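Novice: Requesting a structural model of the entry that follows:
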Amino acid sequence: MTHHPNRRAFLGTAAATALAAPMAKAHTEAPGSEDLAYEVTRTEEEWRAILSEHEYRILREFGTEPRFSSDYWQTEEPGHYHCKGCDLTIYDSDQKTNRLIGWVFFHHARPENVLLGIDEWPAQMSETEIEEVRQVTEVHCRRCGSHLGHYLIVQGEILHCINGAALDFAPEEAS
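Specialist: Numbering: from 1, shown residues only. From the prediction side, this is the model:
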């Protein structure tokens, strides 16, 4: 299935991007999380050397990619999705569900491969736009701590809403 943007899709993407941009600064550290030691650690310079600016903003600064910007949102090929920060296999394609709203969705991660955190969302909207800041659950790689996306109710189901830029895809090898 190929996505052909129209005016409505463009405006929806623009609005979603405008809402997502402030989220990069919305991340709230949970008490005690600053003491968590990850298996894979890198300096900011090392992260910047292995990630594009776009990937860095998502994985290390808690950003969100624009809708329909990743080819993975519509991928149906069998395989596995790995954290772009450390190559840990996080999701399997049999847990992926396609939603025509432009992000990558999964029912479940592999056991014990993600950590959940708290994110204030939307972070910097005015009181006329939203009465109070809501907290949502964000999804991180348990091995390197990279921000992957959020755990949300989407179209009536609780799903992992993941940034495609946070993942690498490895197709399943033919037998």
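Novice: quick one, phi psi at the residue most central in space within the chain?
Specialist: The centre of the chain sits closest to Gly149, judged by CA atoms, centre = their mean, with a distance of 2.4 Å. The phi/psi pair for Gly149 (degrees, to the nearest 10) reads phi 170, psi -140.
Novice: hey, where'd the strands end up in the protein?
Specialist: In the chain, the segments counted as strands under DSSP state E are 27-28, 79-83, 89-92, 96-97, 104-106, 114-121, 134-141, 147-154, 157-162, 167-171.
Novice: count of neighbours near Leu88?
Specialist: Residues near Leu88, counting by other CB atoms under 10 Å, number 17. All C-beta atoms are positioned from the backbone trio N, CA, C, and that covers glycine.
Novice: got a list of what His82 touches?
Specialist: Each residue near His82 by CB atoms under 8 Å, 6 or more residues apart in numbering is listed here: 88-90, 167-170.
Novice: Tell me which two of those sit farthest apart.
Specialist: Maximum pairwise distance among these (CB to CB): 13.7 Å, between Leu88 and Phe169.
Novice: What is the least confident helix or strand in this protein?
Specialist: None of the helices or strands of the chain scores lower by mean pLDDT, DSSP states H and E than helix 7-20, at a mean of 36.
Novice: For Phe105, name its beta-bridge partners.
Specialist: Residues in a beta bridge with Phe105, per DSSP bridges, are Thr97, Cys161.
Novice: Pro78 and Glu172 touch, don't they?
Specialist: Yes. The pair Pro78 and Glu172 passes the contact test of CB atoms under 8 Å, sitting 4.0 Å apart.
Novice: Could you check how many residues crowd around Pro171?
Specialist: Neighbours of Pro171 using other CB under 10 Å come to 11.
Novice: same deal with Tyr56?
Specialist: Tyr56: 19 neighbours (other CB under 10 Å).
Novice: May I have the residues that are in contact with it?
Specialist: If a contact means CB under 8 Å, 6+ apart, then Tyr56 has 47-48 as its contacts.
Novice: Distance check, it against Arg142.
Specialist: 20 Å (CB to CB, to the nearest Å).
Novice: again, but for Leu159
Specialist: To Arg142, Leu159 is 19 Å away according to CB to CB.
Novice: next one: Phe68
Specialist: 28 Å.
Novice: and if you look at Gly164?
Specialist: Using CB to CB, we find Gly164 at a distance of 20 Å from Arg142.
Novice: Please tell me how far the nearest residue to Ala166 once chain neighbours are set aside sits from His140.
Specialist: Excluding its sequence neighbours, the residue lying closest to Ala166 (CB to CB, 6 or more residues apart in numbering) is Leu148, at 4.6 Å. Look at Leu148 and His140: by CB to CB, they are 6 Å apart.
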